[in-house]
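Asker: Sequence and predicted structure are below.
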Amino acid sequence: MKQLNITLSTDSISKAIKELKAYKAEINKKSELLVQTLTDLGVNIARAKVLEMNINDTGNLMSTIGGYYSPNLNAGFVTVSCEYAIFIEFGTGIVGKQNPYPGDTMAKTGYKYGGGSHYVVTKDGRIGWFYPADDGTWRFTEGLPSRPFMYETALELENKFSNIVRSVFK
């Protein structure tokens, strides 16, 4: 917290105004640094979460995790542009429903387990779908559990937030 001592004189008030402007510039600069630091850390955490959760990735998911800082908004965003990231985050099918996403984002987006149109029931009663494998064959799946790497990234950033603020604004 900045403290100013002023007297009721033109020089003292002018000096205080200069000090306040400099303090405002310093706060703005530190605020930008804070958002940039959190954005960069968020990207690193998200990538680490993909590894920690043993998400089978061909490199596409990992390579599309990125960060964007908007100086006009002084806002940072951790993004994932991989087309199947949502299925990893929320899970799919029967398996996903049995191992659901822990946050409330799924409900807000309208994502539902069992929302696809290509479900089949096998002779042994399993519900799922067939998908083409890289080797040219077709494989059956009942879905995937939620592996909420972005949700956990947000939680970790939230837990580290106070310490990062202290560090930047020290």
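Answerer: Happy to help now that I have it.

Asker: ok, so what distance separates the residue nearest to the spatial centre of the chain from residue 82?
Answerer: What sits nearest the mean C-alpha location of the chain, by Cα atoms, centre = their mean, is residue 150, with 4.3 Å. Per Cβ to Cβ, to the nearest Å, residue 150 is found 11 Å from residue 82. C-betas here are computed from N, CA, C, even on glycine.

Asker: coming back round to it: contacts only, for the residue nearest to the centre of the chain.
Answerer: Neighbour list for residue 150: 46, 49, 78, 80, 85, 89 [criterion: Cβ atoms under 8 Å, 6 or more residues apart in numbering].

Asker: let's see 6 Å
Answerer: Residue 150 sits next to residue 89 when contact means Cβ atoms under 6 Å, 6 or more residues apart in numbering.

Asker: Now it, what are its backbone angles?
Answerer: Here is the backbone geometry of residue 150 (degrees, to the nearest 10): phi -80, psi -40.

Asker: buried set for stretch 125-140?
Answerer: Buried residues in stretch 125-140, counted by 16 or more other Cβ atoms under 10 Å: 128, 129.

Asker: List of residues touching it?
Answerer: Stretch 125-140 is contacted by residues 93, 94, 118, 119, 121, 141, 142 when judged by Cβ under 6 Å, 6+ apart.

Asker: repeat that with 8 Å
Answerer: 93, 94, 114, 116, 118, 119, 120, 121, 122, 141, 142, 143.

Asker: per-residue confidence averaged over the lengthiest helix in the chain?
Answerer: Scanning the chain for the longest helix, with DSSP state H as the assignment, gives helix 10-52. Averaging pLDDT along helix 10-52 gives 94.

Asker: what's downstream of the lowest-mean-pLDDT helix or strand in the chain, the next helix or strand?
Answerer: Taking mean pLDDT, DSSP states H and E as the measure, the chain has helix 105-109 as its least confident helix or strand, at a mean of 88. Note on helix 105-109: by DSSP states H and E, the next helix or strand toward the C-terminus is strand 120-121.
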